[in-house]
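No sequence on hand, only this structure:
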DNA sequence: ACGTCGACCTGTGGGC
DNA sequence: TGCCCACAGGTCGACG
């Protein structure tokens, strides 16, 4: 469930169903699902055992669970074994998740049959009837454990420090984003998909926000005016909030919340996936163009291409 | 510093 | 029916 609204739906599910619980055992069924965890599956499972999960967090399409307790290093620090082993900078740990193209985090009863693409199972040390499962058909997603950025209020895992804040983050800096657009010699859709400029926007919501803004995806950003940037950001936020309100976009059963349920925003899409269907503003058939190994959908009348 | 491309995977649907 | 190709919501690193 790749883009921000879908990931946020999952984050809310994790917060409700697994935050506050303590990990008992972890099974890794496929090594690719932990490939960011370079120390391997056995280390991954060992480090997770005994950890207590904090409140689920999200930046763009990344999810993480800050953790406390557990492993030997953390225990040593917590117990204050002595000044020689007490780190001068206290850093935390977090379990990082990215869903890739087809990842799911499911909270399932223990006796639910294993999914065909079950990659990781997390059992908890409590009496609740559920476990957490990472299921991923294409194995582009995965889980890993990382140090958090020292002093960071969000306990951001260090490996995603390069990911920009997302447009639903209250600390997102609109003016700085506008300045970055002006500095770049790139085009607007490329910029929207650049996770170091603005995170959480993927192919669907980029096309939807551009349609709402009446902007062609090849528009250069260097000449954007402040009002144009403001309007674009407004549409990005509006479309994401609208999708979030109905559980996100699900074209098929791959994109589900932690309870396996699909969202309904596919019915409300104006551009994405609507090739040859009439533009809801002007009736002109929506076009699809190959673009960067994927597709761009746009209205050829409402979204005029820039002069070459 | 930018852009482009391929790699990483499995599965589905259309055309023949 | 099968086979082949195009395509699918993402990210990263190599290369120019």
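Thanks, I have it. All of these numbers come straight from a predicted model, not from anything done at the bench. Numbers count the residues shown, from 1 in each chain, chains lettered A, B, ... in the order given.

now the helices for the stretch 151-300 of chain A?
Assigned by DSSP state H, counting those that start in this stretch, the stretch 151-300 of chain A shows helices spanning A:174-183, A:188-193, A:203-213, A:226-245.

I'd like to know which of the ones you listed lies nearest to DNA strand C.
Among these, helix A:203-213 comes nearest to DNA strand C, with 3.5 Å by CB to the nearest atom of the strand. For every residue, glycine as well, the C-beta is placed using N, CA and C.

interface residues of chain A facing DNA strand C?
Where chain A comes near DNA strand C, counting by CB under 7 Å from any atom of the strand, the residues are A:1-3, A:6, A:60-62, A:98, A:100-101, A:138, A:140, A:160, A:193, A:195, A:202-204, A:248-252, A:254-255, A:290, A:293-295.

Show me just the buried residues among these.
Taking 16 or more other CB atoms under 10 Å as the criterion, what is buried in those is A:1-3, A:6, A:60-62, A:98, A:100, A:160, A:193, A:195, A:202-204, A:248-250, A:254-255.

what residue ranges in chain A are flagged as low confidence?
In the predicted model, chain A carries pLDDT under 70 at residues A:1, A:70-91.

can I see the domain layout of it?
The record, using automatic domain parsing to delimit domains, assigns chain A the ranges A:4-160, A:174-298.

Make a markdown table out of the ones you listed and add distance to residue A:307.
What follows is these, written out as a markdown table (distance: least, CB to CB, whole Å):
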| stretch | distance to residue A:307 |
| --- | --- |
| domain A:4-160 | 32 |
| domain A:174-298 | 10 |
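
any chance of these in JSON lines, with distance to DNA strand B too?
Formatted as JSON lines, the domains of chain A follow (distance: least, CB to the nearest atom of the strand, whole Å):
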{"stretch": "domain A:4-160", "distance to DNA strand B": "3"}
{"stretch": "domain A:174-298", "distance to DNA strand B": "3"}
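
got the phi/psi numbers for the residue nearest the centre of chain A?
Nearest residue to the geometric centre of chain A (CA atoms, centre = their mean): residue A:61, 1.4 Å. When read as degrees, to the nearest 10, the backbone of residue A:61 gives phi -100, psi 0.

Residue A:108: helix or strand, and which one exactly?
Element membership of residue A:108 [criterion: DSSP states H and E] is strand A:103-109.

so what secondary structure elements neighbour that strand?
With contacts taken as 3 or more CB pairs under 8 Å, 6 or more residues apart in numbering; DSSP states H and E, strand A:103-109 sits against helix A:4-17, strand A:130-136.
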